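**Student:** structure for the following, please:
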Amino acid sequence: MNTKYIFVTGGVVSGLGKGITAASLGRLLKNRGYKVTIQKFDPYINVDPGTMNPCEHGEVFVTDDGAETDLDLGHYERFIDESLTKNSSITTGRIYSEVIERERKGDYLGKTVQVVPHITNAIKDKVYKFNETDIDIVITEIGGTVGDIESLPFIEAIRQIGLEQNKEDVMFIHVTLLPYIHGSNELKSKPTQHSVRELQSYGIKPDVLVCRSEIEIPDGMKDKIALFCNVRKENVIQNSTVEVLYEVPLMLEKEGLAKVVCEHLNLQNKNPKNEEWENMIEKIKNVPNEKVDIAIVGKYISLEDSYLSIVESLKHGGFANNVHVNIDFVDSELIVDDDKAKEILSKYNGILVPGGFGNRGIEGKINAIKYARENDVPFLGICLGMQMAVVEFARNVLKLDGANSTEFDKRAKDPVIHIMETQKEVKKKGGTMRLGAYPCKIKEGTLAEKIYGTTEISERHRHRFEFNNDYRAKMEEAGMKISGTSPDDTLVEMIEIPANKFFIAVQFHPELKSRPNKPALLFTTFIKCAIIKKS
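**Tutor:** Numbers count the residues shown, from 1 in each chain. Here you go, the predicted model:
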């Protein structure tokens with residue numbers, strides 16, 4: 001079978017759910033037995049999202065191969081349950097930097113370098129890269145909204161792909177909005193018509209329209225959209241708001257999206273095997289009214305998408321334990337002392353301190369960790385959360401008042417967290433940042449081994465500061481357990497405090513591999529212990 005290409009564009013307004021639509025379609029096609037991958041083209045000029053402000057852009061999602069990517073890749077992985085790569089997240093900045101680098105090296109033999117063909121060829125190369133793999137279907141989401149000047153090179157590139165490939169191997173899906181006017185109690189199709197006309201002006205005729213609407217689209221409205229947008233009526237698909245995010249694939253299945261796609265792409269496996277996904281949704285929707293309250297103590301709380309994967313992983317842990325998880329974002333800057341920690345955090349059944357960069361709100365995170373440790377509140381620390389757990393333990397148990405991370409105090413008297421620039425394993429993936437999947441060896445008899453059920457795991461990282469081995473012996477003598485390390489035992493990956501029922505912190509990001517049907521084990525156990533704490 002030839003590789004099939006599906007391109008998802010958006011119109012009218014942003015935030016309509018192109019990413020969820022692409023991810024849901026990927027799940028439906030995977031449930032038909034096809035090998036599917038998804039990629040995202042983002043029009044911003046940043047080379048990658050790695051240095052972008054989480055409060056503006058949301059979380060940075062990291063792949064196994066160490067790519068710092070857009071948060072939509074998290075949705076893709078959670079829906080299709082496939083590990084994506086750096087080729088699944090492409091920005092305008094990355095394309096232009098690669099083209100400019102080739103020009104500087106003389107690869108273009110002195111020719112005038114232009115958007116067409118050089119930029120568009122570089123974009124097409126990213127799509128065709130999957131031809132070298134066993135992928136059956138490539139779904140590509142084009143970021144932004146049709147008509148944006150930034151997206152034009154991507155639109156032109158996918159138009160060319162539509163000409164270069166067989167008609168039955170390429171499909172264009174356009175996601176639009178049908179605004180609902182409350183005063184007249186009607187949906188309006190004109191914005192969708194204008195958006196489709198704009199797309200057609202660039203040489204792309206959409207094969208399917210996925211229309212977001214607050215109410216059910218009347219049959220007559222579908223007739224009108226089909227007529228004025230030059231698509232078949234059955235190819236006008238309603239995208240409704242559902243009770244559970246992961247229900248979207250089943251909603252789109254019912255609306256006929258996958259059926260239309262299979263027919264257009266001449267896919268033989270038309271009958272889905274959605275039973276497992278249906279059972280999962282049924283279980284989620286029938287969770288009892290019992291709930292647990294979890295505090296995420298962070299500093300990027302102005303935008304909840306900053307902790308998107310953590311929020312989803314907590315929900316996954318709730319699904320596994322048949323309980324609702326109520327999540328509150330707590331500004332770490334508000335936890336100025338022990339009294340404030342008790343006042344703010346005493347109502348929660350579990351406390352999670354996530355990752356981050358920079359010294360703002362750090363003391364508040366340390367105060368929150370101290371409260372969790374001293375009051376035996378289930379605690380999960382992730383990345384920076386682990387580093388601050390080490391600092392808190394050093395200050396308040398070892399009585400090392402000068403304990404800190406050199407990220408925040410380069411002249412710290414007791415640098416219990418520091419950069420290991422000479423560590424070969426760290427340098428292997430570039431610079432001092434550890435990015436992507438790394439192995440972890442778990443010590444036998446620890447809580448970590450009980451949770452994972454094995455002594456060898458692999459998890460994704462995104463950090464540059466490490467546990468200072470000079471303090472390992474002192475920490476363990478005082479009651480901290482080093483429960484996970486790198487295979488050569490030089491890097492501390494996991495710590496726990498056996499005196500507490502659940503106090504565990506990790507250098508890696510377990511939330512990046514959690515799936516609704518395969519919850520991350522640390523989150524599942526964390527929620528289980530939160531339920532026990534509540535009772």
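**Student:** any stretches of this structure with poor pLDDT?
**Tutor:** Residues of the chain that meet the criterion pLDDT under 70 lie in 421-432.
**Student:** redo that, cut-off 50
**Tutor:** 423-430 (pLDDT under 50).
**Student:** need the outlier residue of it, farthest from its centre.
**Tutor:** Within the chain, the residue lying farthest from the chain centre (C-alpha atoms, centre = their mean) is Gly110, at 41.0 Å.
**Student:** tell me the centre residue of the protein?
**Tutor:** For the chain, Gly74 is the residue whose C-alpha lies nearest the centre (C-alpha atoms, centre = their mean; 2.5 Å).
**Student:** what about it, which SS state?
**Tutor:** Under DSSP: H, G, I helix; E, B strand; the rest coil, the three-state class of Gly74 is helix.
**Student:** list the residues that contact it.
**Tutor:** Residues in contact with Gly74 (C-beta atoms under 8 Å, 6 or more residues apart in numbering) are 59, 61, 308-309, 312, 512. C-betas here are computed from N, CA, C, even on glycine.
**Student:** make a markdown table from these and add distance to Met280, secondary structure and neighbour count to it.
**Tutor:** Formatted as a markdown table, the contacts of Gly74 follow (distance: C-beta to C-beta, whole Å; DSSP: H, G, I helix; E, B strand; the rest coil; neighbours: other C-beta atoms under 10 Å):
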| residue | distance to Met280 | secondary structure | neighbour count |
| --- | --- | --- | --- |
| Glu59 | 24 | coil | 26 |
| Phe61 | 22 | strand | 27 |
| Leu308 | 20 | helix | 20 |
| Ser309 | 18 | helix | 27 |
| Glu312 | 14 | helix | 22 |
| Leu512 | 20 | helix | 26 |
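**Student:** which among those gets closest to Pro249?
**Tutor:** Glu312 (15.5 Å; C-beta to C-beta).
**Student:** identify the residues contacting the closest one.
**Tutor:** 74, 78, 511, 514, 516.
**Student:** could you dump those to TSV with secondary structure and distance to Ser24?
**Tutor:** Compiled in TSV, those are given as follows (DSSP: H, G, I helix; E, B strand; the rest coil; distance: C-beta to C-beta, whole Å):
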residue	secondary structure	distance to Ser24
Gly74	helix	14
Arg78	helix	11
Glu511	helix	21
Ser514	coil	18
Pro516	coil	12
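**Student:** in a markdown table, list those residues along with distance to Pro378.
**Tutor:** Formatted as a markdown table, the contacts of Glu312 follow (distance: C-beta to C-beta, whole Å):
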| residue | distance to Pro378 |
| --- | --- |
| Gly74 | 24 |
| Arg78 | 24 |
| Glu511 | 16 |
| Ser514 | 17 |
| Pro516 | 22 |
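**Student:** now do the strand or helix carrying Val138: which elements does it pack against?
**Tutor:** Val138 belongs to strand 137-142 when assigned by DSSP states H and E. Here strand 137-142 touches strand 4-10, helix 18-30, strand 36-42, helix 152-164, going by 3 or more C-beta pairs under 8 Å, 6 or more residues apart in numbering; DSSP states H and E.
**Student:** and the third one, which strands flank it?
**Tutor:** Strand 36-42 has its sheet partners listed here by DSSP bridges as strand 89-91 (parallel), strand 137-142 (parallel).
**Student:** who's in contact with the last one?
**Tutor:** Pointing back at strand 137-142 there. 3-10, 18-19, 22, 25-26, 29, 34-41, 72, 127, 130, 151, 154-155, 158, 265.
**Student:** from the residues you listed, which would you call buried?
**Tutor:** Among those, those classed as buried by 16 or more other C-beta atoms under 10 Å are 3-10, 18-19, 22, 25-26, 29, 34, 36-41, 72, 127, 130, 151, 154-155, 158, 265.
**Student:** now render the strands paired with strand 36-42 as CSV, adding mean neighbour count and distance to Val231.
**Tutor:** As requested, these are exported to CSV (neighbours: other C-beta atoms under 10 Å; distance: least, C-beta to C-beta, whole Å):
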stretch, mean neighbour count, distance to Val231
strand 89-91, 24, 28
strand 137-142, 25, 18
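**Student:** out of the ones you listed, which is closest to Ile225?
**Tutor:** Of the strands paired with strand 36-42, nearest to Ile225 by C-beta to C-beta is strand 137-142, at 20.9 Å.
**Student:** quickly list what the closest residue to Asn235 other than its chain neighbours is bridged to.
**Tutor:** Leaving aside its sequence neighbours, Asn235 sits nearest to Val208 (C-beta to C-beta, 6 or more residues apart in numbering; 4.7 Å). Beta bridges link Val208 to Ile173, judged by DSSP bridges.
**Student:** cool, and Glu496?
**Tutor:** For Glu496, the beta-bridge partners under DSSP bridges are Lys481, Ile504.
**Student:** residues contacting it?
**Tutor:** 446-448, 480-481, 483, 503-505.
**Student:** can you tell me which of the contacts of Gly74 lies closest to Phe228?
**Tutor:** Leu308 (36.6 Å).
**Student:** for that closest one, give its distance to Gly58.
**Tutor:** 6 Å (C-beta to C-beta, to the nearest Å).
**Student:** wait, Ala505 touches Met494, no?
**Tutor:** Yes. Ala505 lies in contact with Met494 (C-beta atoms under 8 Å); the separation is 7.2 Å.
**Student:** who touches both of the two?
**Tutor:** Common neighbours of Ala505 and Met494, counting by C-beta under 8 Å, 6+ apart, are Met386.
**Student:** ok so, going back, give me the common contacts of Leu308 and Gly58.
**Tutor:** Residues within reach of Leu308 and of Gly58 at once, by C-beta under 8 Å, 6+ apart, are Leu71.
**Student:** re the thing from before, looking at the helices and strands packed on strand 137-142, which is nearest to Pro288?
**Tutor:** helix 18-30 (26.6 Å).
**Student:** which elements pack onto that closest one?
**Tutor:** With contacts taken as 3+ C-beta pairs under 8 Å, 6+ apart, helix 18-30 sits against strand 4-10, strand 36-42, helix 72-80, strand 137-142, strand 170-177, helix 248-255, helix 257-264.
**Student:** quick check: which of these is nearest to Glu304?
**Tutor:** Between Glu304 and the helices and strands packed on helix 18-30, the shortest separation by C-beta to C-beta is 13.5 Å, and it involves helix 72-80.
**Student:** wait, Lys205 sits on Ile173?
**Tutor:** No. With contact defined as C-beta under 8 Å, Lys205 does not count as touching Ile173 (11.8 Å).
**Student:** so the two - more neighbours on which side?
**Tutor:** Comparing Lys205 with Ile173 by other C-beta atoms under 10 Å, the one with more neighbours is Ile173, at 26 against 14.
**Student:** any idea how far the more buried one lies from Gly318?
**Tutor:** Separation of Ile173 from Gly318 (C-beta to C-beta) stands at 32 Å.
**Student:** what does Val115 give?
**Tutor:** Val115 is 48 Å from Gly318, by C-beta to C-beta.
**Student:** the two: who's more crowded?
**Tutor:** Per other C-beta under 10 Å, whichever of Val115 and Gly318 has more neighbours is Gly318, with 26 against 14.
**Student:** just give the nearest non-adjacent residue to the more buried one, would you?
**Tutor:** Nearest-residue entry for Gly318: Val325, 3.7 Å, with adjacent residues in sequence omitted and distances by C-beta to C-beta, 6+ apart.
**Student:** and if you look at Tyr438?
**Tutor:** Spatially, and ignoring its direct neighbours in sequence, Tyr438 is nearest to His461 (5.5 Å; C-beta to C-beta, 6+ apart).
**Student:** and the one you found, how many neighbours does it have?
**Tutor:** Other residues close to His461 by other C-beta under 10 Å number 25.
**Student:** ok so it is a strand residue?
**Tutor:** Yes. Assessed with three-state DSSP, His461 lies in a strand.
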